[in-house]
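*Asks:* pasted the sequence and its predicted model underneath.
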Amino acid sequence: MSTEAFATSEDLPVRVGGDRIGVDLADHALVESAQAGSAEAFGELARRYHGNVYGIVYRMCSADEAADLTQEIFLRALKALREFQFQGDASFRTWLYRIAVNACINELRRRKRRSDVEGPSLDEDIETEDGWVSRSIPDETMSPHVLAERAEVQWAVQRIVATLTPKHRAALTLVDLQQFDYEEAADVLDCPLGTLKSRLARARKQFAEKWTKYQDGTLVLDDSGTVSGGEIGRER
Amino acid sequence: MSHDRDAFELQLSELLDGRLAEDEARALREHLDSCDECRARYAELVGALEVLRATPRPTVPPGLLQEIQHAAEAEMAQAQPTVWQRWRYTAAGLAAAAAILLAFLSPWSADRPDAPAGHTPADGPATAVVAEEQAGGLGVPVPDSAVAEAPAAEATVAYAAASAPAEGAGRVERVRGRDSTSPPAASGQLTPSRGQSAVALADSASQPALAMAPAPARASVASGPVLGEAAGRELAHTPRMTVADEPQEPRPSDVEVEMAGGVIAAMLLDQYVATNMVQSSAAIVSLITDTPALDYGPALAREDDEAGGFSLCFTDAMRAAFAESENRIP
């Protein structure tokens, strides 16, 4: 499993006396260059943050759609970049992640709306009082890299996280999976710090209960998605 | 133990992250030591969190970054202005520069014999006009206060690339547009009337000419925020370039000035204004006065008279609205 190093280089100094686009340019300078039409500058911003954006999408939505949605998020950000302004502590990174999280939440809601209209398909989650429940069937189209990563623990974590409501899923993804601090996570989710803490506490509690059941063997996770008792998988 | 369940879960969560105050953390630990149920819940949480945090980040598919970058390049290429559009933006700057240059080349300073008599700022309100060709000439009047402290012997240079063929000297109080039914400004000559100083740039699709108003004693170019300020922002506060006392070198004639500079400036402006009328007015004024364009309000075209002339007026409220808007000079 790769543990790609994700650059958080917005605080890096601007290269003195040069205008080369590279790791030694701060986000601020890159954003201004990109706003002026530099594709190279935007490409560098993408290089810095596409890993974390991909990680957010992967956790919140699904591995299958993560690449396409990540690309879509960057194009959305590009279109909105003209309006972006550094104000106070506002950072490009937080702004970009907010676009990513909102795109994920919208995608989950879109799935739900489609499910409401057409009825749930076999591979879509459904929402219950206990969260989102998987009905997915084995995905034979998973790409090799997804299959390669499908270690049991990670797969189980992914399946359990997918049972959480979108907002709880977002809080858990940012803080516990992507290692954001509380403050930045609250900024990304555009909510008060207290709200972030509450969502995180509830998300952790739900995850912990299900993880314990999974460990005990009282909760079986499988891709066939048999739903029993409002839980993901099968409870024995 | 009786707890508000959510509050207790929140405390446990914060304890995990070391975010509880020291006294709160100590009290909670003491409770956990004495309560098997709560200790079990905490242990469950700790175990789950360890799993979550140990979960490796997903590997980014190879090629995704390149796909993003290529898509962004394609998107930005579509959004980039064309070479022609960029030329137009440049044209505005060239036009303004040409107009300013002509001001210093012009022979109509103190020694000009045909300067209108009695033409002093003290005679009436000064007006700065940016006239543009589109629906009509667009003027930007300057309130009286803008030149209140201007030396009486000075007159702000007026530029005009009027929409008329050169026919001779004339007085233009208002720059008119293409639909004007009034006789066009003769010869493109723009003469501030009743002592009105003016900065006027008009362009023409026909035979544009740029002329500069005669000034009785001195010609000066206001290079400060001269537009739309009702009070407090005065020309006297802005740097001026006075040419009255310069050594008198041989200078081109009026006709030469008009033909060489005016035609070029007006044609360039015509191209620029045609595609970006509202922004261009601020841009041109900004270039001439060396003042950030955002200091001006939004351009508001209004029909100025029955002949179809138009003016651009800027008020404080409009300026504030413009500053908050998304308008940018290209």
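*Replies:* That came in fine, so what should we check first?
*Asks:* identify the residues contacting the stretch of helix or strand B:Q78 belongs to?
*Replies:* In this assignment (DSSP states H and E), B:Q78 forms part of helix B:64-79. Residues outside helix B:64-79 that contact it (C-beta atoms under 8 Å, 6 or more residues apart in numbering or on different chains) are A:37, A:39, A:42-43, A:46-47, A:50, A:54, A:67, A:70-71, A:74-75, A:78-79. For every residue, glycine as well, the C-beta is placed using N, CA and C.
*Asks:* pull the CA atoms of it into CSV?
*Replies:* Provided in CSV are the C-alpha atoms of helix B:64-79 (Å, rounded to 0.1, in the frame of the first residue of the first chain):
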residue,chain,number,x,y,z
LEU,B,64,-4.8,10.8,-12.5
LEU,B,65,-2.7,13.9,-12.0
GLN,B,66,-1.8,14.1,-15.6
GLU,B,67,-5.4,13.8,-16.6
ILE,B,68,-6.4,16.6,-14.2
GLN,B,69,-3.6,18.8,-15.6
HIS,B,70,-4.5,18.1,-19.2
ALA,B,71,-8.1,18.8,-18.5
ALA,B,72,-7.3,22.0,-16.7
GLU,B,73,-5.0,23.1,-19.6
ALA,B,74,-7.8,22.5,-22.1
GLU,B,75,-10.3,24.3,-19.9
MET,B,76,-7.9,27.3,-19.5
ALA,B,77,-7.1,27.4,-23.2
GLN,B,78,-10.8,27.8,-23.9
ALA,B,79,-11.1,30.5,-21.4
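*Asks:* buried set for it?
*Replies:* The neighbour-count check on helix B:64-79 (16 or more other C-beta atoms under 10 Å in any protein chain shown) flags B:L64, B:L65, B:E67, B:I68, B:Q69, B:A71, B:A72, B:E75, B:M76 as buried.
*Asks:* cool, and stretch B:38-47?
*Replies:* Buried-residue list, stretch B:38-47, by 16+ other C-beta under 10 Å: B:C38, B:R41, B:Y42, B:E44, B:L45.
*Asks:* got the contact list for the closest residue to A:V188 other than its chain neighbours?
*Replies:* In space, A:V188 comes closest to A:Y97 once its chain neighbours are excluded; the distance is 4.5 Å by C-beta to C-beta, 6 or more residues apart in numbering or on different chains. Going by C-beta under 8 Å, 6+ apart, A:Y97 touches A:Y49, A:N52, A:V53, A:I56, A:L174, A:F180, A:V188.
*Asks:* also B:Q11?
*Replies:* B:L20, B:E24, B:L28.
*Asks:* looking at those, which is nearest chain A?
*Replies:* Of all those, chain A sits closest to B:L20, with 11.0 Å by C-beta to the nearest C-beta.
*Asks:* so the closest one sits against B:L28, correct?
*Replies:* Yes: between B:L20 and B:L28 there is a contact under C-beta atoms under 8 Å: 6.7 Å.
*Asks:* A:S33 against A:L45, yeah?
*Replies:* No: contact status for A:S33 versus A:L45: not in contact, 9.4 Å apart, counting by C-beta under 8 Å.
*Asks:* higher neighbour count, those two?
*Replies:* Looking at A:S33 and A:L45 with other C-beta atoms under 10 Å in any protein chain shown, you find the greater number of neighbours at A:L45, namely 28 against 19.
*Asks:* what sits against A:L78?
*Replies:* Applying C-beta under 8 Å, 6+ apart, one finds that A:L78 lies in contact with A:A34, A:F42, B:A72, B:E75, B:M76.
*Asks:* possible to save these as JSON lines with pLDDT and distance to A:P192?
*Replies:* What follows is the contacts of A:L78, written out as JSON lines (pLDDT from 0 to 100; distance: C-beta to C-beta, whole Å):
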{"residue": "A:A34", "pLDDT": "90", "distance to A:P192": "31"}
{"residue": "A:F42", "pLDDT": "93", "distance to A:P192": "32"}
{"residue": "B:A72", "pLDDT": "92", "distance to A:P192": "33"}
{"residue": "B:E75", "pLDDT": "86", "distance to A:P192": "35"}
{"residue": "B:M76", "pLDDT": "85", "distance to A:P192": "36"}
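*Asks:* so which of those comes closest to A:Q154?
*Replies:* B:A72 (30.2 Å; C-beta to C-beta).
*Asks:* separation between the closest one and A:A41?
*Replies:* Separation of B:A72 from A:A41 (C-beta to C-beta, to the nearest Å) stands at 10 Å.
*Asks:* likewise A:K167?
*Replies:* Separation of A:K167 from A:A41 (C-beta to C-beta) stands at 33 Å.
*Asks:* in terms of packing, which of the two has more residues around it?
*Replies:* Neighbour count, other C-beta under 10 Å: between A:K167 and A:A41, A:A41 has more, with 22 against 18.
*Asks:* tell me the pLDDT at that one?
*Replies:* On the pLDDT scale, A:A41 is placed at 92.
*Asks:* please save the CA atoms from the helix or strand containing it in CSV.
*Replies:* For A:A41, the host element (DSSP H and E) is helix A:39-60. Below are the C-alpha coordinates for helix A:39-60, written out as CSV (Å, rounded to 0.1, in the frame of the first residue of the first chain):
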residue,chain,number,x,y,z
ALA,A,39,-2.0,26.4,-16.5
GLU,A,40,1.4,25.4,-15.1
ALA,A,41,0.5,27.1,-11.8
PHE,A,42,-2.8,25.3,-11.6
GLY,A,43,-1.1,22.1,-12.5
GLU,A,44,1.3,22.6,-9.5
LEU,A,45,-1.7,23.2,-7.2
ALA,A,46,-3.2,20.0,-8.5
ARG,A,47,0.0,18.1,-7.9
ARG,A,48,0.0,19.3,-4.3
TYR,A,49,-3.5,18.5,-3.4
HIS,A,50,-4.9,15.8,-5.7
GLY,A,51,-3.9,13.1,-3.3
ASN,A,52,-5.9,14.5,-0.4
VAL,A,53,-8.8,15.3,-2.7
TYR,A,54,-8.7,11.7,-4.0
GLY,A,55,-8.6,10.4,-0.5
ILE,A,56,-11.6,12.4,0.6
VAL,A,57,-13.6,11.2,-2.4
TYR,A,58,-12.5,7.7,-2.0
ARG,A,59,-13.6,7.6,1.6
MET,A,60,-16.8,9.5,1.2
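*Asks:* show me what it is packed up against.
*Replies:* Where contact means 3 or more C-beta pairs under 8 Å, 6 or more residues apart in numbering or on different chains; DSSP states H and E, helix A:39-60 is packed against helix A:27-35, helix A:63-80, helix A:92-118, helix A:166-172, helix B:64-79.
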